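*Asks:* Sequence plus predicted model, see below.
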Amino acid sequence: MLNELKRENLLNTLVFETLGEPSKEREFSIKSLKKWGFDLVFGRKEDGEKENYFALEDNKEFSEEYEIIEILKELPKNKKLFAKIEMIEGRAYLYVYLREGEVDTPILHIGAGEVLIAFLQKHKFIKILEALRNIGSAASLIKKHGEEGKVLGFEELPPVMRRFLRDAKKIEKEMGFGRIALAYFGENKSKEERYFVEWLVPTIALFEEKIAQKIDKALAELK
């Protein structure tokens, strides 16, 4: 059974949703692939495989397993680069492919978490790293401060909370998906804000540097 405080907090926690599909593919540049730590290569991978495009870690030592014809600096003519998140047995995988017309050529299929963490660390998106709790087609970002109490209404939110919500909604519109749950408990005796925030964002959007930068900046508003 719920006690009265938990019941009231459950009913009064603010939820803001941008409906959409978190696993929707996104288009990226070859520069993005490089920032994730990979080169776009044309050559032969594994014995007997025909020549094709694939992604290779940029610090990986070449071996007899690979026959490298060219490391590309630009996307091949008429091809675009797309990526999305695939879920397999509870784990998120980054699936990257080249598209020409209606034909997709897979170039990379790897655990999304390892690549994302390395990318966030490299670009010093510290607030996202601190808030990141789990990674699926959507990533859960959680930030909290102080002890829980009675949830206050929207009209009682301080400017910092309203500013965070305003900025987060703009980012969600750009991403096409998002969900924010905010429980604001007011200030403690030291005049510090007490709150709990859970923000669901599309994992694939975090691989886009400009969006990750905006999310990191928004999270930094919450002390």
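*Replies:* Cool, the structure landed.

*Asks:* And the contacts of the longest helix anywhere in the chain?
*Replies:* Identified as the longest helix of the chain according to DSSP state H is helix 159-175. With C-beta atoms under 8 Å, 6 or more residues apart in numbering as the contact definition, helix 159-175 has outside contacts at 16, 18, 20, 157, 178, 180, 182, 184, 193, 195, 197, 199, 201-202, 205, 211, 214-215, 217-218, 221-223. Quick note: C-beta positions are derived from backbone N, CA and C, even for glycine.

*Asks:* any low-confidence regions in this protein?
*Replies:* Applying pLDDT under 70 to the chain flags the ranges 1, 46-49, 59-65.

*Asks:* domain assignment for it?
*Replies:* 4-22+124-220, 26-116 (automatic domain parsing).

*Asks:* Packed most tightly, which of these would that be?
*Replies:* domain 4-22+124-220 (a mean of 16; mean count of other C-beta atoms under 10 Å).

*Asks:* Can you give me the end-to-end span of it?
*Replies:* 33 Å (C-alpha to C-alpha, to the nearest Å).

*Asks:* ranges for the helices of the chain?
*Replies:* Going by DSSP H, the chain shows helices at 4-12, 30-35, 112-122, 126-131, 159-175, 209-220.

*Asks:* what's the distance between the fifth one and the middle of its chain?
*Replies:* It stands for helix 159-175. Its chain's average C-alpha position is 16 Å from that of helix 159-175, according to C-alpha atoms, centre = their mean, to the nearest Å.

*Asks:* quick one, the longest helix of the chain and helix 209-220 angle?
*Replies:* Using axes from the mean of the first three to the mean of the last three C-alpha atoms, to 10 degrees, the inter-axis angle of helix 159-175 relative to helix 209-220 is 160 degrees.

*Asks:* got the CA positions of helix 159-175 in PDB?
*Replies:* This file holds the C-alpha atoms of helix 159-175, laid out as PDB (Å, rounded to 0.1, in the frame of the first residue of the first chain):
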ATOM      1  CA  PRO A 159      13.600  30.100 -12.300                       C
ATOM      2  CA  VAL A 160      16.400  27.600 -12.600                       C
ATOM      3  CA  MET A 161      13.900  24.700 -12.900                       C
ATOM      4  CA  ARG A 162      11.700  26.500 -15.400                       C
ATOM      5  CA  ARG A 163      14.800  27.400 -17.500                       C
ATOM      6  CA  PHE A 164      15.900  23.800 -17.500                       C
ATOM      7  CA  LEU A 165      12.500  22.600 -18.700                       C
ATOM      8  CA  ARG A 166      12.400  25.300 -21.400                       C
ATOM      9  CA  ASP A 167      15.800  24.300 -22.700                       C
ATOM     10  CA  ALA A 168      15.100  20.600 -22.500                       C
ATOM     11  CA  LYS A 169      11.800  20.900 -24.400                       C
ATOM     12  CA  LYS A 170      13.700  22.700 -27.300                       C
ATOM     13  CA  ILE A 171      16.300  19.900 -27.400                       C
ATOM     14  CA  GLU A 172      13.600  17.200 -27.400                       C
ATOM     15  CA  LYS A 173      11.900  18.900 -30.300                       C
ATOM     16  CA  GLU A 174      15.200  18.800 -32.200                       C
ATOM     17  CA  MET A 175      15.700  15.100 -31.300                       C
END
